[in-house]
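>>> Predicted model follows, preceded by the sequence.
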Amino acid sequence: MTISLVQACLIGLIYYLGTTGNPVFGILGSHGWMRPLVCGTAVGFVLGDPTMGCIMGAAITLPYLAFISAGASMPMDPALAGTLGTAFGLVAKVEPSVAITLAVPIGILGTLLWVAHMSVNIVFYSHE
């Protein structure tokens, strides 16, 4: 199975919905979509297998059940883990346990990307 450009853009949109605090989506945007179960199910719909996407999303949710982002700290990125972990798992046609193995390092990588993202943004938001 391969991922087309349109599917990749839709998966990117799913991740965007999971990470943005957009007032249009309200609490659904930042707290509902960021859960790996929701992201995994949406990725499953995009890739044509929503049942397996839901199963992989539920499996990936287990390490992130106690996720709390207090203040500005970002211990891990469950939206990136759920989105890419499910996408890679569905494309590779592996068991959900392998998707968890892929998702945890992806979530930690998401933390590093979040810090880099915020470090770059501070340059544009600091007015002196």
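Received the coordinates, thanks. Numbering: from 1, shown residues only.
>>> Quick one: the strands in the protein, in order.
Ranges of strands in the chain, per DSSP state E: none exist.
>>> May I ask which helix or strand of it has the lowest mean pLDDT?
Scoring the helices and strands of the chain by mean pLDDT, DSSP states H and E places helix 26-27 at the bottom, with a mean of 60.
>>> out of everything not next to it in sequence, what's closest to L84?
In space, L84 comes closest to I106 once its chain neighbours are excluded; the distance is 5.0 Å by CB to CB, 6 or more residues apart in numbering. Quick note: C-beta positions are derived from backbone N, CA and C, even for glycine.
>>> Surely the one you found is in contact with P78?
No. Counting by CB atoms under 8 Å, I106 stays clear of P78, with 10.1 Å between them.
>>> Tell me which of those two has more neighbours.
Neighbours were counted for I106 and for P78 using other CB atoms under 10 Å; P78 has more, 27 against 19.
>>> Contacts only, for the residue nearest to L84.
With contact set as CB atoms under 8 Å, 6 or more residues apart in numbering, I106 has these partners: 77, 80-81, 84-85.
>>> swap in T19?
30, 34, 77, 79-80.
>>> Ok, H117 next?
Shown in contact with H117 (CB under 8 Å, 6+ apart): no residues.
>>> distance of it from F124?
Going from H117 to F124 by CB to CB, to the nearest Å gives 11 Å.
>>> next one: T83
As judged by CB to CB, T83 and F124 stand 26 Å apart.
>>> The two: who's more crowded?
The neighbour comparison of T83 against F124 (other CB under 10 Å) goes to T83, with 34 against 7.
>>> my guess is A42 meets I14, correct?
Yes. The criterion here is CB under 8 Å, and A42 meets it with I14 at 4.8 Å.
>>> Overlap of the contact sets of the two?
W33.
>>> Select the longest helix from this structure.
The longest helix of the chain (DSSP state H) is helix 96-125.
>>> And it, how far out from the chain middle?
Remark: helix 96-125 is offset 9 Å from the chain centroid, using CA atoms, centre = their mean, to the nearest Å.
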